[in-house]
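*Asks:* got a sequence here, can you model it:
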Amino acid sequence: NKGLVMKDARQLDYTLHHLCIYDDEPRDNMFPYLRWHHGITNYFSGAVFHVTGEGHSDYTFLGCGGRAYQIQIEAPPFQFEYERNWWRDHGHGYNHICWLTSDARASMDQLLANGATEVMPFENFPTYDGFVVHDPEGRWIEIMEYTDETFRVQEFTHAPSGECGLEVVGNAEVCQDLDAMVRWYQQIMDMRVLEEFRDGDQGMVVMVDKDYDPVERRSLFILQSARHDFEKEHMAKHGPYISSIIYQAKDVMRAWEDALWAGMEALQEPAVDPLTGLLTAHLREPCGGNGIMLTEHYAPAVTQAKAA
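*Replies:* Just a heads-up that it's a prediction; the model follows:
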(Lines give C-alpha, C1' and ligand atoms only; values in the text may rest on other atoms or scores of the structure.)
Protein backbone atom coordinates (compact mmCIF):
# COMPACT_ATOMS: atom_id res chain seq x y z
CA ASN A 1 0.00 0.00 0.00
CA LYS A 2 3.05 2.26 -0.09
CA GLY A 3 2.29 5.48 -1.88
CA LEU A 4 -1.48 5.08 -1.60
CA VAL A 5 -3.48 7.73 0.23
CA MET A 6 -5.34 6.32 3.24
CA LYS A 7 -9.11 6.67 3.03
CA ASP A 8 -10.74 8.84 5.67
CA ALA A 9 -13.85 8.04 7.69
CA ARG A 10 -16.31 9.68 5.30
CA GLN A 11 -14.94 7.74 2.34
CA LEU A 12 -15.47 4.48 4.23
CA ASP A 13 -19.27 4.89 4.57
CA TYR A 14 -19.59 3.59 8.14
CA THR A 15 -23.12 2.66 9.24
CA LEU A 16 -24.30 1.08 12.49
CA HIS A 17 -25.50 -2.50 12.10
CA HIS A 18 -25.83 -4.63 15.25
CA LEU A 19 -24.94 -5.34 18.87
CA CYS A 20 -23.61 -8.81 19.68
CA ILE A 21 -24.42 -10.69 22.91
CA TYR A 22 -22.41 -13.74 24.00
CA ASP A 23 -24.69 -16.38 25.52
CA ASP A 24 -24.49 -20.16 25.88
CA GLU A 25 -28.27 -20.79 25.96
CA PRO A 26 -29.57 -18.76 23.02
CA ARG A 27 -32.58 -21.02 22.29
CA ASP A 28 -33.94 -20.48 25.79
CA ASN A 29 -32.88 -16.88 26.28
CA MET A 30 -34.20 -15.53 22.99
CA PHE A 31 -37.79 -16.32 24.04
CA PRO A 32 -38.19 -13.33 26.39
CA TYR A 33 -37.15 -11.18 23.42
CA LEU A 34 -39.68 -12.92 21.18
CA ARG A 35 -42.40 -12.46 23.79
CA TRP A 36 -41.37 -8.77 23.98
CA HIS A 37 -42.41 -8.01 20.39
CA HIS A 38 -39.16 -9.11 18.67
CA GLY A 39 -38.77 -11.28 15.60
CA ILE A 40 -35.94 -13.39 14.18
CA THR A 41 -34.39 -11.87 11.06
CA ASN A 42 -31.76 -14.58 10.45
CA TYR A 43 -30.22 -17.70 11.90
CA PHE A 44 -26.78 -18.87 10.79
CA SER A 45 -25.59 -22.31 11.88
CA GLY A 46 -22.14 -23.82 12.04
CA ALA A 47 -23.05 -26.49 9.50
CA VAL A 48 -22.91 -23.96 6.67
CA PHE A 49 -21.44 -20.72 7.96
CA HIS A 50 -18.11 -19.70 9.49
CA VAL A 51 -16.74 -23.21 9.95
CA THR A 52 -13.09 -23.03 11.08
CA GLY A 53 -10.59 -25.46 12.53
CA GLU A 54 -11.29 -23.98 15.94
CA GLY A 55 -15.10 -23.91 16.01
CA HIS A 56 -18.14 -22.68 14.14
CA SER A 57 -20.84 -20.03 14.21
CA ASP A 58 -24.15 -20.05 16.03
CA TYR A 59 -25.80 -16.70 15.28
CA THR A 60 -29.38 -15.65 15.94
CA PHE A 61 -30.31 -12.15 14.73
CA LEU A 62 -33.32 -10.36 16.22
CA GLY A 63 -35.07 -7.15 15.29
CA CYS A 64 -37.90 -5.14 16.82
CA GLY A 65 -39.99 -2.43 15.23
CA GLY A 66 -37.31 -0.33 13.60
CA ARG A 67 -35.28 -0.70 10.44
CA ALA A 68 -31.56 -1.49 10.38
CA TYR A 69 -30.32 -1.90 13.98
CA GLN A 70 -30.40 -5.48 15.26
CA ILE A 71 -29.31 -7.77 18.10
CA GLN A 72 -27.08 -10.79 17.45
CA ILE A 73 -26.94 -13.63 19.99
CA GLU A 74 -23.71 -15.57 19.45
CA ALA A 75 -23.16 -18.89 21.20
CA PRO A 76 -20.18 -21.22 21.84
CA PRO A 77 -18.12 -22.97 20.57
CA PHE A 78 -17.25 -19.75 18.73
CA GLN A 79 -14.87 -19.72 15.77
CA PHE A 80 -11.70 -18.24 17.27
CA GLU A 81 -9.53 -18.41 20.37
CA TYR A 82 -9.80 -14.66 21.04
CA GLU A 83 -13.60 -15.08 21.33
CA ARG A 84 -13.25 -17.94 23.79
CA ASN A 85 -10.80 -15.84 25.82
CA TRP A 86 -13.36 -13.01 26.07
CA TRP A 87 -16.04 -15.53 27.10
CA ARG A 88 -13.71 -16.90 29.78
CA ASP A 89 -12.98 -13.42 31.15
CA HIS A 90 -16.41 -11.78 30.87
CA GLY A 91 -18.99 -14.51 30.30
CA HIS A 92 -22.48 -13.45 29.25
CA GLY A 93 -22.23 -9.91 27.99
CA TYR A 94 -22.43 -7.39 25.20
CA ASN A 95 -19.34 -8.31 23.20
CA HIS A 96 -19.17 -5.86 20.29
CA ILE A 97 -20.87 -3.30 18.08
CA CYS A 98 -20.72 -3.94 14.33
CA TRP A 99 -20.45 -1.30 11.63
CA LEU A 100 -20.77 -1.87 7.90
CA THR A 101 -18.27 -0.27 5.54
CA SER A 102 -17.71 0.02 1.81
CA ASP A 103 -14.03 -1.05 2.11
CA ALA A 104 -13.03 -3.28 5.02
CA ARG A 105 -9.34 -3.51 4.07
CA ALA A 106 -8.98 0.28 3.95
CA SER A 107 -11.02 0.56 7.14
CA MET A 108 -8.57 -1.62 9.07
CA ASP A 109 -5.64 0.50 7.90
CA GLN A 110 -7.49 3.66 8.88
CA LEU A 111 -8.56 2.45 12.34
CA LEU A 112 -5.16 1.00 13.30
CA ALA A 113 -3.53 4.27 12.28
CA ASN A 114 -5.88 6.19 14.58
CA GLY A 115 -5.75 4.56 18.00
CA ALA A 116 -7.58 1.26 17.51
CA THR A 117 -5.79 -2.02 18.34
CA GLU A 118 -6.21 -5.36 16.61
CA VAL A 119 -8.36 -8.13 18.09
CA MET A 120 -8.99 -10.24 14.97
CA PRO A 121 -6.90 -9.70 11.83
CA PHE A 122 -8.53 -8.90 8.49
CA GLU A 123 -10.09 -11.95 6.87
CA ASN A 124 -11.83 -12.71 3.57
CA PHE A 125 -14.88 -14.81 4.45
CA PRO A 126 -17.06 -16.35 1.73
CA THR A 127 -19.79 -13.69 2.09
CA TYR A 128 -18.00 -10.68 3.58
CA ASP A 129 -14.63 -9.22 4.54
CA GLY A 130 -14.12 -8.25 8.13
CA PHE A 131 -12.01 -7.77 11.23
CA VAL A 132 -12.31 -6.77 14.90
CA VAL A 133 -10.47 -4.04 16.83
CA HIS A 134 -10.55 -2.39 20.25
CA ASP A 135 -11.56 1.26 20.36
CA PRO A 136 -9.14 3.41 22.42
CA GLU A 137 -10.92 2.42 25.67
CA GLY A 138 -10.99 -1.31 24.90
CA ARG A 139 -14.54 -1.95 23.64
CA TRP A 140 -14.76 -4.24 20.63
CA ILE A 141 -15.67 -2.93 17.17
CA GLU A 142 -16.44 -5.33 14.34
CA ILE A 143 -16.21 -4.06 10.75
CA MET A 144 -17.94 -5.87 7.88
CA GLU A 145 -18.04 -5.33 4.13
CA TYR A 146 -20.53 -7.50 2.25
CA THR A 147 -18.84 -9.11 -0.76
CA ASP A 148 -21.50 -11.58 -1.90
CA GLU A 149 -24.06 -10.36 -4.40
CA THR A 150 -27.09 -11.44 -2.36
CA PHE A 151 -25.96 -12.38 1.17
CA ARG A 152 -27.21 -9.93 3.79
CA VAL A 153 -28.55 -10.07 7.33
CA GLN A 154 -32.23 -9.41 6.62
CA GLU A 155 -33.93 -6.29 7.97
CA PHE A 156 -37.45 -5.50 9.06
CA THR A 157 -39.24 -2.55 7.55
CA HIS A 158 -39.93 0.33 9.92
CA ALA A 159 -43.02 -0.77 11.85
CA PRO A 160 -43.13 -0.16 15.63
CA SER A 161 -44.14 -3.43 17.28
CA GLY A 162 -47.00 -4.29 19.61
CA GLU A 163 -49.61 -2.01 21.15
CA CYS A 164 -46.81 -0.20 23.00
CA GLY A 165 -45.09 0.70 19.71
CA LEU A 166 -41.69 -0.79 20.65
CA GLU A 167 -38.52 -0.28 18.61
CA VAL A 168 -34.89 -1.26 19.16
CA VAL A 169 -32.88 1.76 18.02
CA GLY A 170 -29.26 1.34 19.15
CA ASN A 171 -26.88 0.98 22.05
CA ALA A 172 -25.20 2.94 24.83
CA GLU A 173 -21.59 2.74 26.05
CA VAL A 174 -20.08 3.87 29.35
CA CYS A 175 -16.82 5.77 28.87
CA GLN A 176 -13.83 6.58 31.02
CA ASP A 177 -13.15 9.82 29.11
CA LEU A 178 -16.44 10.84 27.52
CA ASP A 179 -15.19 13.87 25.61
CA ALA A 180 -12.18 12.03 24.16
CA MET A 181 -14.37 9.17 22.95
CA VAL A 182 -16.92 11.51 21.39
CA ARG A 183 -14.10 13.16 19.43
CA TRP A 184 -12.70 9.79 18.38
CA TYR A 185 -16.02 8.45 17.09
CA GLN A 186 -16.67 11.72 15.28
CA GLN A 187 -13.29 11.94 13.63
CA ILE A 188 -12.48 8.26 13.06
CA MET A 189 -15.93 6.64 12.58
CA ASP A 190 -17.74 9.65 11.07
CA MET A 191 -20.40 9.66 13.78
CA ARG A 192 -22.35 12.89 14.22
CA VAL A 193 -23.47 14.45 17.51
CA LEU A 194 -27.25 14.69 17.51
CA GLU A 195 -27.67 16.09 21.02
CA GLU A 196 -25.69 16.45 24.26
CA PHE A 197 -26.99 16.33 27.83
CA ARG A 198 -24.66 17.63 30.59
CA ASP A 199 -24.93 18.26 34.31
CA GLY A 200 -21.69 18.55 36.28
CA ASP A 201 -19.74 15.32 35.90
CA GLN A 202 -22.71 13.54 34.31
CA GLY A 203 -22.91 13.45 30.56
CA MET A 204 -24.74 11.70 27.73
CA VAL A 205 -23.96 12.33 24.07
CA VAL A 206 -26.36 10.99 21.42
CA MET A 207 -24.61 10.20 18.14
CA VAL A 208 -25.82 8.94 14.75
CA ASP A 209 -24.29 7.74 11.52
CA LYS A 210 -24.60 9.38 8.09
CA ASP A 211 -27.78 7.43 7.22
CA TYR A 212 -29.80 8.54 10.26
CA ASP A 213 -33.40 9.40 9.54
CA PRO A 214 -35.76 10.49 12.35
CA VAL A 215 -38.57 8.30 10.99
CA GLU A 216 -37.30 5.43 8.87
CA ARG A 217 -33.81 4.73 10.28
CA ARG A 218 -33.44 6.08 13.80
CA SER A 219 -30.24 4.23 14.81
CA LEU A 220 -28.64 5.84 17.88
CA PHE A 221 -25.19 5.41 19.44
CA ILE A 222 -24.97 6.90 22.93
CA LEU A 223 -21.70 7.60 24.76
CA GLN A 224 -22.12 8.44 28.43
CA SER A 225 -20.51 8.64 31.83
CA ALA A 226 -21.33 5.98 34.45
CA ARG A 227 -24.42 7.62 35.96
CA HIS A 228 -26.21 4.90 37.89
CA ASP A 229 -24.89 2.64 40.66
CA PHE A 230 -25.27 -0.46 38.48
CA GLU A 231 -23.17 1.21 35.77
CA LYS A 232 -20.49 2.29 38.24
CA GLU A 233 -20.27 -1.21 39.71
CA HIS A 234 -19.89 -2.81 36.28
CA MET A 235 -17.35 -0.18 35.22
CA ALA A 236 -15.26 -0.85 38.34
CA LYS A 237 -15.13 -4.57 37.51
CA HIS A 238 -14.82 -4.56 33.73
CA GLY A 239 -13.70 -1.08 32.71
CA PRO A 240 -15.41 0.95 29.95
CA TYR A 241 -18.11 -1.20 28.40
CA ILE A 242 -21.14 -1.54 26.13
CA SER A 243 -23.79 -0.79 28.71
CA SER A 244 -27.26 -1.15 27.19
CA ILE A 245 -29.50 -1.83 24.24
CA ILE A 246 -31.70 1.21 23.60
CA TYR A 247 -35.42 0.82 23.03
CA GLN A 248 -38.09 3.44 22.47
CA ALA A 249 -41.84 3.05 22.81
CA LYS A 250 -44.99 4.96 22.00
CA ASP A 251 -46.27 3.87 25.44
CA VAL A 252 -43.38 3.37 27.88
CA MET A 253 -45.53 2.09 30.75
CA ARG A 254 -47.15 -0.55 28.53
CA ALA A 255 -43.72 -1.52 27.11
CA TRP A 256 -42.39 -1.84 30.68
CA GLU A 257 -45.29 -4.08 31.70
CA ASP A 258 -44.89 -6.16 28.55
CA ALA A 259 -41.15 -6.53 29.26
CA LEU A 260 -41.73 -7.83 32.78
CA TRP A 261 -44.35 -10.27 31.50
CA ALA A 262 -41.94 -11.42 28.78
CA GLY A 263 -39.20 -12.25 31.27
CA MET A 264 -37.05 -9.13 31.47
CA GLU A 265 -35.96 -8.11 34.99
CA ALA A 266 -36.80 -4.73 36.53
CA LEU A 267 -33.80 -2.55 37.32
CA GLN A 268 -35.23 0.98 37.52
CA GLU A 269 -38.92 1.77 37.07
CA PRO A 270 -40.09 4.33 34.49
CA ALA A 271 -39.43 7.91 35.62
CA VAL A 272 -38.37 11.16 34.00
CA ASP A 273 -34.60 11.20 33.63
CA PRO A 274 -33.41 14.49 35.18
CA LEU A 275 -30.56 14.72 32.67
CA THR A 276 -32.48 14.13 29.41
CA GLY A 277 -36.05 14.96 30.41
CA LEU A 278 -37.18 11.69 28.79
CA LEU A 279 -39.40 9.13 30.48
CA THR A 280 -36.86 6.34 30.97
CA ALA A 281 -36.70 2.87 32.51
CA HIS A 282 -33.91 0.33 32.92
CA LEU A 283 -34.20 -3.46 32.77
CA ARG A 284 -31.97 -6.51 32.60
CA GLU A 285 -32.26 -8.81 29.61
CA PRO A 286 -32.12 -12.65 29.81
CA CYS A 287 -28.69 -13.37 28.26
CA GLY A 288 -26.73 -12.72 31.45
CA GLY A 289 -28.64 -9.77 32.87
CA ASN A 290 -27.16 -7.06 30.64
CA GLY A 291 -28.70 -3.60 30.58
CA ILE A 292 -31.69 -2.33 28.61
CA MET A 293 -32.59 1.36 28.39
CA LEU A 294 -36.24 2.02 27.51
CA THR A 295 -37.32 5.59 26.71
CA GLU A 296 -40.20 7.47 25.21
CA HIS A 297 -40.07 8.29 21.51
CA TYR A 298 -37.05 10.49 20.76
CA ALA A 299 -36.25 11.56 17.20
CA PRO A 300 -34.51 14.92 16.72
CA ALA A 301 -34.32 16.23 13.17
CA VAL A 302 -31.31 15.13 11.16
CA THR A 303 -30.36 18.77 10.52
CA GLN A 304 -29.40 18.95 14.18
CA ALA A 305 -26.58 16.40 13.77
CA LYS A 306 -23.05 17.83 13.90
CA ALA A 307 -20.16 16.05 12.21
CA ALA A 308 -16.54 16.48 13.29
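*Asks:* tell me the buried residues in the helix or strand of the chain with the lowest mean pLDDT?
*Replies:* Every helix and strand of the chain was ranked by mean pLDDT, DSSP states H and E. The lowest is helix 81-90, at a mean of 88. For helix 81-90, the neighbour count (16 or more other CB atoms under 10 Å) marks 82-83, 86-87 as buried. To be clear about C-beta, it is placed using only N, CA and C from the backbone, and glycine gets the same treatment.
*Asks:* out of the residues you listed, who's nearest Q224?
*Replies:* W86 (22.6 Å; CB to CB).
*Asks:* now the closest one: how far from W261?
*Replies:* Separation of W86 from W261 (CB to CB, to the nearest Å): 32 Å.
*Asks:* do the same with Q11
*Replies:* Taking CB to CB, one finds Q11 at 47 Å from W261.
*Asks:* for L111, which non-adjacent residue is closest in space?
*Replies:* Among residues not flanking L111 along the chain, V133 sits closest, at 5.4 Å (CB to CB, 6 or more residues apart in numbering).
*Asks:* should've said F230
*Replies:* Here the residue nearest F230, using CB to CB, 6+ apart, is L267, at 6.5 Å.
*Asks:* what does the model give the residue nearest to L111 for pLDDT?
*Replies:* In this prediction, V133 carries a pLDDT score of 97.
*Asks:* equivalent analysis for G66, please.
*Replies:* Value listed for G66 in the pLDDT field: 84.
*Asks:* count of neighbours near the closest residue to it other than its chain neighbours?
*Replies:* Excluding the flanking residues, the one nearest G66 by CB to CB, 6+ apart is E167, at 3.9 Å. Using other CB atoms under 10 Å, E167 is surrounded by 27 other residues.
*Asks:* can you start the count at 44 instead of 1 from here on
*Replies:* Yep, numbering from 44; the last one is E210 now.
*Asks:* confidence score at E210?
*Replies:* 96.
*Asks:* assign it to helix, strand or coil.
*Replies:* For E210, the secondary structure call by DSSP: H, G, I helix; E, B strand; the rest coil comes out as strand.
*Asks:* give the contact list for it.
*Replies:* 107-109, 203-204, 261, 290-292 (CB atoms under 8 Å, 6 or more residues apart in numbering).
*Asks:* quick check, distance from stretch 220-231 to the centre of its chain.
*Replies:* 17 Å (CA atoms, centre = their mean, to the nearest Å).
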